[in-house]
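>>> can you look at this prediction? I've put the sequence above it.
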Amino acid sequence: MCTLAIATIIGFSIIVQACAFDPIASALGKGVSTAIDVRTKEEVKEDIAIDIAVTKMFAEQKGDQFKNISLLVFAQHGVLTGFAASADARRNAEQLMKGEKRLRSLTNKIIVGADNGSFGSNLVLDKKIDFKLTATKGVSSVNMRWKVYGGDVFLMGIAQSRKEANLAVEAIKELEGVKTIHSSLRIVKK
């Protein structure tokens, strides 16, 4: 059983759902978004498989050098995001990803330093970005992925034009709490 609550955060009303992961709701949401996704169903499945494999790779590593690092994947293109405590940890994460042969490309956007954001502030900004991009005319946010670390926003995916990519970046810049946007959007025309 889940608990739903409506919260207003800095002028945005959001629904907060307090429950364990619901695979049926998640699959339904992915199914709906896949209908307007530029990727094929096979590409979506492959992206999910890569995400699972990478998450497992990071979890199996000793120590906590990868605790603030994640991989965003879209159409088998990956962007390493987050913060590493050292340049060695940044390189180690990239080396580890080179073992994932299903990735067509890999961009390392990991920042060396401390993540100054809290889980709560990162989550709030993530939801604000979701609402903003969804509401921005001319932006197909279903083809974009982002990750937030302490006001640093890592954006990747596909835009169908330079104009759409610029609209997405400008929309995110308008949000309170955004310090820097690291965009790795690829332009792929329909």
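Cool, got the structure.
>>> contacting residues for the spatially most central residue of the chain?
Central residue of the chain (CA atoms, centre = their mean): residue 146, 3.0 Å from the mean position. By CB atoms under 8 Å, 6 or more residues apart in numbering, the contact set of residue 146 is 72, 126, 129, 153, 154, 155, 156, 172. From N, CA and C alone the C-beta is placed, and that goes for glycine too.
>>> and stretch 71-82, end to end?
End-to-end distance of stretch 71-82 (CA to CA, to the nearest Å): 9 Å.
>>> excluding its backbone neighbours, what's nearest the residue nearest to the centre of the chain?
Spatial nearest neighbour of residue 146, excluding adjacent residues (CB to CB, 6 or more residues apart in numbering): residue 155 at 4.8 Å.
>>> what's the helix or strand for that neighbour?
strand 152-159 (DSSP states H and E).
>>> now whichever helix or strand comes after that strand: buried residues?
Once strand 152-159 ends, the next helix or strand along the chain (criterion: DSSP H and E) is helix 162-173. Neighbour-count burial for helix 162-173, counted by 16 or more other CB atoms under 10 Å, picks out 164, 165, 167, 168, 169, 171, 172.
>>> tell me the phi and psi of the residue nearest to residue 76 when sequence neighbours are not counted?
For residue 76, ignoring the flanking residues on the chain, the nearest one in space by CB to CB, 6+ apart is residue 104 at 4.5 Å. With angles defined as degrees, to the nearest 10, residue 104 sits at phi -70, psi -30.
>>> per-residue pLDDT, residue 104?
On pLDDT, residue 104 comes in at 95.
>>> got it, and the one 4 residues further on?
With respect to pLDDT, residue 108 has a value of 95.
>>> show me what contacts it?
79, 80, 90, 93, 94.
>>> thank you kindly, that will do.
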